[in-house]
Every structure is written in structure tokens, then in C-alpha cells.
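Enquirer: One predicted model, sequence on top.
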Amino acid sequence: MNLLWLIMIAVSLMYAFFTGNISVINDVCLKVGKDTFDFVLPLICMTCFWNGVLYVAKEAGMIKVLEKWFHPFLKWLFPDIKEDEETLGYVATNITVNMFGLGSAATPVGLKAMQGMQKHNPKKDTATRSMVTFLVLNTAGVTLLPTTLIALRSEFHSLDITGFMPLAIFSTVFASFVGVMVDRWCNHRD
Amino acid sequence: MIDTSFLLPGLVLFVFTFALLRRVSAYHAFTDGAKDGMKLFVDVYPALLAMMFAITLLRESGLMLMFTDWMKTISGSVPSEIWPMVVFRPISGNASLAVLIDIFKTCGVDSLAGQMASVIQGSTDTTFYVITLYFSSVGIRKIKNALSIGLIADVAGISMAVLLTLLFYA
């Protein structure tokens, strides 16, 4: 990531010097801080709102209900930790919170789930089958409520703010389905 | 098109009715949640600033234009502005968010490129970041085929996103 970032910046700068485009770059250096701030601030305020709604849902026990629905499914997906209710709980919470589009709130729980799975790992430096499945689910990122996107689209005065949602939900479910299927296909022997 | 404006109010109504029935202290839960959201700013702003700087440089220097012009020859009816998005989505969430903002700025939020970029952003998560963070947190170095399967899922999600957008918006 570090290398990619440095290369992107260095190559762009060299290209701009080469083509004599340097006054534009000067402008970028002066403005990028405030421009980014202008985008991030409304984004964060919107996230605060949805985070609030999520906490209400949590307080009312809705997350627990969702987790219970996932339980049989998770036991099938993660056979080697099915005795460990605590870790399964972390996995369920991580997936549920991810669905609300609050990835950064899901990460701490996800890391706890990884620690839980590591306890059952016979070879400490090698990934277990459950870890691979869990990460595939995470990278496919089943998001039913993409809060950041909604905030951003409303900030740009979209006339159809939520129109992309059914398509995005279908794509994300499809990605997870393909991911889990490929995972099961390749790793069913473990 | 399907009317989706009922989605968010419906969800909020559902959550709050649930909270009302359970008689929980929803007000405090809400303010606590919002407060935790505020903490995000400290994490998100620096990362997004770094990425916005790189992406804006790529665009302003003319390199991005060169890349999209070149991709135009093979991309058919897919808007060429989408390609940086496809490249960055699995690598970094903040980079793809920066590209998304860039597309909204230059093409418009409701343009085909804007819609498609939104669907792509919502379709998968950042594979490289998630895998690096999660595995390194427990000290695992041999990750088996997690990365390749994650990327296959990304390709599936992004292709589906592009297809669906073309189907419904083009």
C-alpha cells in the first residue's frame, strides 16, 4: 500500500513536470486538505446518525435476533469452531454490523473472532479453513445499508439517492455467494 | 425504476418500533452511537486525505485521462471513468472512495458512471486491507488461498455491478 501510494504520487508529479502542468499541481497542494475536509465532515455526521440507529437496534436486541437467525448457517460454514459459542457470536456480530455498512464498527469484533479461531488453530502461523471462510465473507462485504454511499450521494444532490441500493445489494450477495462456493469447492477437504 | 425512497425511513421506523416495544433507553443508545461515530473522523480524515492527494494528482497531471482514454478502446459501453474504480476497489477503501468522489465531481452523481461507481463501491469490500489486517492481528503468515478467493469474489461482485447498472440505467 505504502509503495503503491508513493509511486502514484511520484509518477503523477514527474508527469506533470514533464508536461509543464505544474501550476495545476500547485493548486492541488494548496487545496486538497480543505477539499477532503469538506467531503469527510458531512460523511461523518451522516455516519453518526446511522451509528445512532445501529446502537438503538443493538439496545433493543435486534442484533441478537439477527445473530440467532444466522446461527445454523454459521455452524455449517465454520464446522471446526461450532462448539465455541463465544467465537461464533463474534463472527455473527461482525457479519451483522457489516450489513449495516459500518465497517469500522465491525472490525474490532472481527479481530476478536480471529483471536477466537486462533485458539483452535493447531498450526499457529497457518490460516485455518474457518479463517479463510470468514475473511472471504468479510472481503465480499455483504452490505445491506451502505451508509457512506448514501451520505455521499445526498451530498452531491443526487435526484435518486437510494436507487443504486437494490443493485448493490444483489451484487454484494452474489459476490459473497461466489466467494463461499469457491471456498467450499477448494477447501472442502480441510 | 423501483421506488426505493421508502427503504431508509422504513428501516428507521422498524428499528424504533422495536425499541419502543422493548422499552429500552433508545435515546441514550442513539447519542452513544453518534458519539462513537464522531471518533471515526480522526481515523477517516487522515487516510482519505492521503488518498485524495494521490488520486487528485493522478487526475490533474493528466495521467488518469491517458489511462481512461486507453481503456476506452476496449471497454465498449462501460464508461471509461469506471476503470480506476475497478482497479482500486480491492486495494483500498479510501482510494476507491476518492475515485468515487472524483467521478461524482467530473461526471455527475446521477450519470451512468456515477450510478455504476456507486453500485461497485457497495458491491464488495477491500480485500487486501481486510486480509492484511485480520491475519496480521493474530500473527498468521501462511494465508492459503484466502487472497485469491477474496479477489474472485471481488471480480464476481464488480462484474455483476457493471452488468446490472448497464441493464437498469444504460
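Expert: Structure received. Numbers count the residues shown, from 1 in each chain, chains lettered A, B, ... in the order given.
Enquirer: The residue lying closest to residue B:108 once chain neighbours are set aside: which element?
Expert: Leaving aside its sequence neighbours, residue B:108 sits nearest to residue B:114 (Cβ to Cβ, 6 or more residues apart in numbering or on different chains; 5.6 Å). Every residue, glycine included, has its C-beta placed from N, CA and C. Here residue B:114 sits within helix B:112-123, counting by DSSP states H and E.
Enquirer: Compute the number of surrounding residues for residue A:6.
Expert: Neighbour count of residue A:6, defined by other Cβ atoms under 10 Å in any protein chain shown: 11.
Enquirer: Determine the three-state secondary structure at it.
Expert: Here residue A:6 is helix, with the state taken from DSSP: H, G, I helix; E, B strand; the rest coil.
Enquirer: what mean pLDDT does the longest helix along chain A have?
Expert: Identified as the longest helix of chain A according to DSSP state H is helix A:22-59. Averaged over helix A:22-59, pLDDT sits at 85.
Enquirer: Kindly report the same for stretch B:57-74.
Expert: For stretch B:57-74, the mean per-residue pLDDT is 81.
Enquirer: and the gap between the residue nearest to the spatial centre of chain B and residue A:138?
Expert: Chain B has residue B:121 as the residue nearest its centroid, 2.8 Å off, counting by Cα atoms, centre = their mean. Distance, residue B:121 to residue A:138, using Cβ to Cβ, to the nearest Å: 16 Å.
Enquirer: What helices and strands are in contact with the longest helix of chain A?
Expert: For helix A:22-59, the packing partners by 3 or more Cβ pairs under 8 Å, 6 or more residues apart in numbering or on different chains; DSSP states H and E come out as helix A:2-19, helix A:147-155, helix B:7-22, helix B:26-60.
Enquirer: among these, which is nearest residue B:152?
Expert: Closest approach to residue B:152 among the helices and strands packed on helix A:22-59 is made by helix A:2-19 (21.3 Å; Cβ to Cβ).
Enquirer: how far out from the middle of the chain is that closest one?
Expert: Relative to the mean C-alpha coordinate of its chain, helix A:2-19 is positioned 28 Å out (Cα atoms, centre = their mean, to the nearest Å).
Enquirer: Over to stretch B:90-103?
Expert: That offset, for stretch B:90-103, works out to 7 Å (Cα atoms, centre = their mean).
Enquirer: Mind pulling up the pLDDT for residue B:16?
Expert: Note for residue B:16: predicted pLDDT of 92.
Enquirer: that older thread, what's the angle from the helix holding residue B:114 to helix A:147-155?
Expert: 160 degrees (axes from the mean of the first three to the mean of the last three Cα atoms, to 10 degrees).
Enquirer: quick one: contacts of the helix or strand just after helix B:112-123?
Expert: Using DSSP H and E, the helix or strand that follows helix B:112-123 towards the C-terminus is helix B:127-137. Residues outside helix B:127-137 that contact it (Cβ atoms under 8 Å, 6 or more residues apart in numbering or on different chains): A:1, A:107, A:110-111, A:114-115, A:127, A:131, A:134-135, A:138-139, B:90-93, B:141, B:143, B:146-147, B:150-151, B:153-154.
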